[in-house]
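K.L.:
Just a sequence and a predicted model for now, questions to come.
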Amino acid sequence: MNKVIYLDNAATTPVDRRVLEKMLPFFSEKFANPATKWTSSLSKEVDDYIEEARENIANLLNADVEEIYFTSGGTESDNAAIKGIAWANRDKGSEIISTHIEHEAVLRPLETLARQGFTIKFVPVDSKGFVYPDEVKKLITKHTILISIMHANNEIGSIEAIEEIGKIARENGIYFHTDAVQTVGHVPVDVKAMNIDLLSLSAHKFYGPKGVGALFVRRDTNIAPFMEGGGQERGLRSGTLNSTGIVGLGEAAKIAKAEMAFNEERIRKIRDTLFESIQREIPEVYLNGAEGEKRLSGNLNFVIKGIRSEPLLTTMNERGIVIGGGSACSAGSKEPSHVLRAIAVPDDDLFSGIRMTIGKFNSEDEVMPIVINLKDAVKKLRDLSPFWMKGD
Amino acid sequence: MNKVIYLDNAATTPVDRRVLEKMLPFFSEKFANPATKWTSSLSKEVDDYIEEARENIANLLNADVEEIYFTSGGTESDNAAIKGIAWANRDKGSEIISTHIEHEAVLRPLETLARQGFTIKFVPVDSKGFVYPDEVKKLITKHTILISIMHANNEIGSIEAIEEIGKIARENGIYFHTDAVQTVGHVPVDVKAMNIDLLSLSAHKFYGPKGVGALFVRRDTNIAPFMEGGGQERGLRSGTLNSTGIVGLGEAAKIAKAEMAFNEERIRKIRDTLFESIQREIPEVYLNGAEGEKRLSGNLNFVIKGIRSEPLLTTMNERGIVIGGGSACSAGSKEPSHVLRAIAVPDDDLFSGIRMTIGKFNSEDEVMPIVINLKDAVKKLRDLSPFWMKGD
Amino acid sequence: MYPDIVMEHFMHPRNVGKIKNPTSVGEFENEARAKAVFYVVVEDGVVTDIKYQVAGCPFAIAVCSLISEYAKTKRVEELKVFSMDDVKRFFEIPEDKEDCIKLSINAFLNAIIPLT
Amino acid sequence: MYPDIVMEHFMHPRNVGKIKNPTSVGEFENEARAKAVFYVVVEDGVVTDIKYQVAGCPFAIAVCSLISEYAKTKRVEELKVFSMDDVKRFFEIPEDKEDCIKLSINAFLNAIIPLT
Ligand SMILES: Cc1ncc(COP(=O)(O)O)c(C=O)c1O
Ligand SMILES: Cc1ncc(COP(=O)(O)O)c(C=O)c1O
Ligand code: FES
Ligand code: FES
């Protein structure tokens, strides 16, 4: 395999060279623990860079620096937000509102809370994956303590009306958390305008390093710490700060703020050209989720009728084209996508969903090879398939 | 400040150049998410390196590879072990045995469990910081589900008799967790011989990167996941794997296994020469903790009577000598060390404890400058001190 | 990833397709809607032609292909005891892919066993 | 880290020590056993000599030194209202170090106020 075409940017992105450059001195030179900044100038220096990173994140979200807490990634941020709010506010109520299309990092904690006596109410989503704010309003009772609804879905890219949902939450004095792991660095986020109380983000989704993320927590929010220990991050997130990762996250945020609009425009064009070509060349393909502005610009998710995704991805991979995801049916491993189920994709097609996610390192030149190889692979697999009768 | 002398290796260590070298390709080239190893050769390659790292950790601990779970560091490993065992085994009992000299990453979770209805029993430690296994035995009842006792203390370096404690736990069918953050990579650890069921470690304490650690969990241990989500790490620790960090941790483990014995011998010699010189040059200095084999080879902790640690550390830092820790008395910040309290250091001396921790990058040549500067700084601060009457 | 022989057969599956007038047809579908169908022509107790259709992962596909080559010219009596162990002689089976192999074997046996 | 002026006074504290026969002595110790002691000699309501001993962090030490320079030749009447605000004119006080500054101010005022 020479030059690989990578189409799984929603799973993870390569680290931008400028981000890595910025991180390098923090491994073996500026390595001190920032905790002892009063007595050590090495620590103070590291602490200054960490605070610079915090500022970059705050700028990207229109938050205040004291509202940013560093974590180990999106999963931790989601766990910390949801469990932290639930545990701290149990005396006020035990109802939480969410959706069926959340990431597992939200759904699994909600299941755990349900076992602990919380009631989880799920707002329905429509066939494009959208939540209607009015439906959220209907589920609110005086026992509701938290609404957790993602900013954009990682599978089908639907961007939710979180500004309105946030407004409803605010009006009812309910905390609003949003999993913005797929949007931060890609779509403008403004925690003030959007009435967000808690927001999860993860560096490796926007060209930062893996193993680091952040949680925005609005000032004066009543939240219990999830990771307990030495009291770092003003007691909300203990553990020696991952200074290398944090500096990388900060740099990724700074670059995203400056270049996001330009990149996303380009990405959207590549995505649209790609899907038009696929639809032109391959029969019986349909899009999952919405067209237009309310979809992440890099996200494509479609069904190729009559074949299963896993052998298609393997075939494409053999040809140097990396497409992530795909549902396998074998023991213990993946169920068909809970998101495709939630938007009522027919049972016949649940294992036929393909997600391609474009990033800033993709180029227009890659569209043709993708389409040619996809067409060929689909033909081969359809010829093999008992579910594809067209060739009879 | 030209060449800094770094004496805070128990807080964190610089990344070994070989470790960084090994990590570099995983930022921007081998960056794929290892989760999709069946359909993507990029992922498979990353997965292979992660499994190599897992093997290196397993080798270092004499564990099996399936017993190693990657986390974001020592704090997470401690939280995951203690809360995970408590929550999963509540039906069997609600008593936990630990000590007052544990790290906050153990103590704070125990406090939280206490608020949730668990009973925490603390084994006493002697004036050198040692736990007597017989005292542990006395606290066991049929309700005891977990014993959590650290392998070595981070402040005074006392190495506990965890092999015997593990044996007692095993004989009584109680899970045994040890926080080995200060020993892994420095002192031989054998989870089989030591009867350990769960063990926490952190990469940045032995020349690996920050933000990554591991939890050893013996096969067939009944434990609830702490970080919930996508089901990575066989469901016990969700979140996109921090492949760069994990590869770094694995390499640090491999290097430690090969070079640990040699390094620790050297470190011990530097440490001993240093303390002998300090005692010779500065009056009224005494050691906290034990002499001899049952102390971490890099650890020094001593009281300098009549002065407080914080201004001493600042003075030394001004002269290019970095010593971590130290207790400040000001609002909201640190209490005097709970460890020095537990080993009954007199109240007068609680704010006068100095910890110097030697690492493999220190050298014998640094001893003289440390002693000369320390002597000078101590004299200056004692001259200033109302608690130092000798100069009258 | 995949053992070499699996990859080879997956990328170039042998004997793909349907047979117009087969002696027997066997199919198997799992709960997750993966499916294999075998068509066999048997003369004097010997498999003279065999084809299949399959929608499943590369393991399921490769095993159909391997079976189709293996079965041709063999006696039905011999084939009716075909099992996982026979597949194991070709490659090591990952634990979480056992069901995929069984999918193909079951479809094949569903075609063969009625003939015995 | 520390403001320059704090560092300067901490590294080179002025007027350190005890005075044999002072007009007044004031001390203050906090719950965490940090302590400052001021010795002053006052003639005709004016501070003519001042020294101190202090065990505390660099802020506490630097503020003792600053006060000792500030107070010399000043009138007791003027000094008795010395406060945080006076220290703030020298440098910005970090929130978590306010207690340290108060430690030194309180010891100083304990020496001065009985004289008024
Ligand atoms: C929407 C969403 N939430 C949460 C996560 C979890 O983030 P991480 O893998 O960084 O823990 C992801 C990605 O995996 C995601 O796409
Ligand atoms: C004994 C001990 N346990 C736990 C920790 C926490 O580890 P980390 O800072 O990697 O989360 C530390 C170090 O800070 C430690 O020394
Ligand atoms: S046939 Fe479904 S995973 Fe193999
Ligand atoms: S005097 Fe104790 S911290 Fe300042």
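P.N.:
Yes, it's here. Ligands and ions are numbered 1, 2, ... in the order given.

K.L.:
From ligand 3, how far out is A:Lys294?
P.N.:
Separation of A:Lys294 from ligand 3 (C-beta to the nearest ligand atom, to the nearest Å) stands at 33 Å. For every residue, glycine as well, the C-beta is placed using N, CA and C.

K.L.:
My error: substitute A:Arg319 in the last question.
P.N.:
21 Å.

K.L.:
was I right about that residue contacting A:Lys375?
P.N.:
No. If you go by C-beta atoms under 8 Å, A:Arg319 and A:Lys375 don't touch, sitting 11.7 Å apart.

K.L.:
where does the closest residue to chain C within chain A land in three-state SS?
P.N.:
For chain A and chain C, the shortest gap (C-beta to the nearest C-beta) falls at A:Cys329, measuring 3.0 Å. Counting by DSSP: H, G, I helix; E, B strand; the rest coil, the backbone at A:Cys329 sits in coil.

K.L.:
what does A:Gly292 give?
P.N.:
Going by three-state DSSP: A:Gly292 is coil.

K.L.:
What's the separation between it and A:Tyr286?
P.N.:
16 Å (C-beta to C-beta, to the nearest Å).

K.L.:
Chain A - how does it break down into domains?
P.N.:
Using automatic domain parsing, the domain ranges for chain A come out as A:5-12+A:261-384, A:17-255.

K.L.:
Figure out which of these is closest to ligand 2.
P.N.:
Ranking the domains of chain A by proximity to ligand 2 (C-beta to the nearest ligand atom) places domain A:17-255 first, at 3.1 Å.

K.L.:
Tell me how far the closest one lies from the chain's centre.
P.N.:
Computed by C-alpha atoms, centre = their mean, to the nearest Å, the chain-centroid distance of domain A:17-255 equals 11 Å.

K.L.:
wait, does it contact ligand 4?
P.N.:
No. Domain A:17-255 lies apart from ligand 4 when judged by C-beta under 6 Å from any ligand atom; the minimum separation is 8.5 Å.

K.L.:
residues near whichever residue of chain A sits closest to ligand 1, how many?
P.N.:
Ranked by C-beta to the nearest ligand atom, the top residue of chain A for proximity to ligand 1 is A:Gly74, at 2.4 Å. Neighbours of A:Gly74 under the rule other C-beta atoms under 10 Å in any protein chain shown: 31.

K.L.:
quick one, strands of chain C?
P.N.:
Counting by DSSP state E, chain C has strands at residues C:24-29, C:35-43, C:46-55.

K.L.:
Run the contact check for the longest one versus ligand 3.
P.N.:
What that stands for is strand C:46-55. No. Between strand C:46-55 and ligand 3, judged by C-beta under 6 Å from any ligand atom, nothing touches; the nearest distance is 8.3 Å.

K.L.:
so the one residue in the stretch 201-350 of chain A that gets nearest to ligand 4 is in which element?
P.N.:
Of all residues in the stretch 201-350 of chain A, A:Gly231 sits closest to ligand 4, at 16.4 Å by C-beta to the nearest ligand atom. Per DSSP states H and E: A:Gly231 is located in neither a helix nor a strand.

K.L.:
Model confidence score at the closest residue to it other than its chain neighbours, please.
P.N.:
Distances taken as C-beta to C-beta, 6 or more residues apart in numbering or on different chains place A:Ser238 nearest to A:Gly231, at 5.9 Å, with adjacent residues excluded. In this model, A:Ser238 is scored at 97, pLDDT.

K.L.:
ok, how many other residues are close to A:Ser238?
P.N.:
So A:Ser238, with other C-beta under 10 Å, has 24 neighbours.

K.L.:
Would you list the phi and psi of it?
P.N.:
phi -80, psi 160 (degrees, to the nearest 10).

K.L.:
do the one 5 residues further on as well
P.N.:
Main-chain torsions, A:Ser243, degrees, to the nearest 10: phi -60, psi -40.

K.L.:
residue contacts, it?
P.N.:
With contact set as C-beta atoms under 8 Å, 6 or more residues apart in numbering or on different chains, A:Ser243 has these partners: A:26, A:30-31, A:34, A:46, A:49-50, B:210.

K.L.:
between those residues, which is nearest B:Glu259?
P.N.:
When the contacts of A:Ser243 are compared for distance to B:Glu259 (C-beta to C-beta), A:Phe31 wins out at 19.0 Å.

K.L.:
Reduced to three states, what does the closest one come out as?
P.N.:
Quick answer, by three-state DSSP: A:Phe31 is coil.

K.L.:
any idea how far A:Thr71 is from it?
P.N.:
21 Å.

K.L.:
now A:Ile223
P.N.:
Distance from A:Ile223 to A:Thr71, by C-beta to C-beta: 13 Å.

K.L.:
one step back: want to throw the strands of chain C into a markdown table with distance to chain B, mean neighbour count and mean pLDDT?
P.N.:
Formatted as a markdown table, these follow (distance: least, C-beta to the nearest C-beta, whole Å; neighbours: other C-beta atoms under 10 Å in any protein chain shown; pLDDT from 0 to 100):
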| stretch | distance to chain B | mean neighbour count | mean pLDDT |
| --- | --- | --- | --- |
| strand C:24-29 | 21 | 18 | 97 |
| strand C:35-43 | 19 | 22 | 97 |
| strand C:46-55 | 16 | 22 | 97 |
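
K.L.:
Distance to ligand 4 added to those strands, as TSV?
P.N.:
Putting the strands of chain C into TSV (distance: least, C-beta to the nearest ligand atom, whole Å) gives the following:
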stretch	distance to ligand 4
strand C:24-29	72
strand C:35-43	73
strand C:46-55	71
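
K.L.:
Adding distance to D:Lys18, write these out as a markdown table.
P.N.:
As requested, the strands of chain C are exported to a markdown table (distance: least, C-beta to C-beta, whole Å):
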| stretch | distance to D:Lys18 |
| --- | --- |
| strand C:24-29 | 95 |
| strand C:35-43 | 95 |
| strand C:46-55 | 93 |
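
K.L.:
would TSV of the ones you listed with distance to chain D be doable?
P.N.:
Rendered in TSV, the data for the strands of chain C read as follows (distance: least, C-beta to the nearest C-beta, whole Å):
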stretch	distance to chain D
strand C:24-29	67
strand C:35-43	67
strand C:46-55	65
